[in-house]
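Q: I need the structure of the sequence given here:
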Amino acid sequence: MSILKVDTINEKTTGNGVQIAGHVVQVVQYADTGNYTNSSTSFIQASQTGTFTLTNSSNKVLVTVNCLVRAQRSSASGARLAIYRGSVASGTRITGGSEPQIYTADSGTEQYSINMLQILDTPSAASTTYSLALQKHSSSGDVHIYGSFFNTIITMQEIAQ
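A: Residues are numbered from 1 along each chain as shown. All right, here's what the predicted structure looks like:
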């Protein structure tokens, strides 16, 4: 059996050192206590991170969002969530699908749900921001993100390639 002993591994950033694919280079967390309400079936801007600067623009970013959503009942209650690279108005939606993140057709008047979204993004840029978008289901009343009840947390992890 062979044993490899290493005191220090230097991240490859200027041509020297070792590049280890798949490891976490850096982690940045953004917390938002803001509340957002949407009464339309179009996505609106909710939480947005500050600028996340990658150490290597060819690396990927693992984006994780945790938030509390409330949907009010109309004939049903439902809310859709999405992650955007950049802002909702001018960025790129990076999560797919068209059905609600939460939905109910029961007789209650509202529904609360703690939600988690996660995606591995390839921004192909040295820096970027990420946004959480909120949309109501067509049968629902108003939908809300309550950062004041349960902070909205967006975690960005740079993953070496």
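Q: use CA for all of it now, contacts and neighbours both
A: Will do.
Q: List the neighbouring strands of the helix or strand of the chain with the lowest mean pLDDT plus their orientation.
A: When each helix and strand of the chain is scored by mean pLDDT, DSSP states H and E, strand 102-104 comes last, with a mean of 85. If you go by DSSP bridges, strand 102-104 pairs up with strand 77-85 (antiparallel).
Q: And for the strand it pairs with, what's in contact with it?
A: By C-alpha atoms under 8 Å, 6 or more residues apart in numbering, the residues outside strand 77-85 that reach it are 69-72, 91-96, 98-105, 110-111, 117, 123, 128-137, 139-141, 143.
Q: Let's see the PyMOL selection covering just the buried ones among those residues.
A: Buried residues within these, by 16 or more other C-alpha atoms under 10 Å, are selected in PyMOL with:
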select buried, resi 69+70+71+72+93+95+100+101+102+103+104+110+111+117+123+128+129+130+131+132+133+134+135+136+137+139+140+141+143
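Q: which ones among the contacts of strand 77-85 are found in strands?
A: 69-72, 92-93, 102-104, 110-111, 117, 128, 130-136, 143 (DSSP state E).
Q: any idea how far residue 1 is from residue 91?
A: 52 Å (C-alpha to C-alpha, to the nearest Å).
Q: I misspoke; the intended subject was residue 95.
A: When residue 95 is compared with residue 1 (using C-alpha to C-alpha), they lie 46 Å apart.
Q: cool, and residue 50?
A: With C-alpha to C-alpha as the criterion, residue 50 and residue 1 are 48 Å apart.
Q: quick one, which of these two is more surrounded?
A: For residue 50 versus residue 1, neighbours defined as other C-alpha atoms under 10 Å are more numerous around residue 50 (13 against 2).
Q: per-residue confidence at the residue nearest the centre of the chain?
A: In the chain, the centroid-proximal residue (C-alpha atoms, centre = their mean) is residue 65; its distance is 3.9 Å. Residue 65 is assigned 98 on the pLDDT scale.
Q: what's the strand or helix carrying it packed up against?
A: Using DSSP states H and E, residue 65 maps to strand 60-72. Contacts defined by 3 or more C-alpha pairs under 8 Å, 6 or more residues apart in numbering; DSSP states H and E place strand 60-72 against strand 77-85, strand 110-121, strand 143-146, strand 152-159.
Q: how far off strand 110-121 does it point, in degrees?
A: 170 degrees (axes from the mean of the first three to the mean of the last three C-alpha atoms, to 10 degrees).
Q: Fine by me, we can end here.
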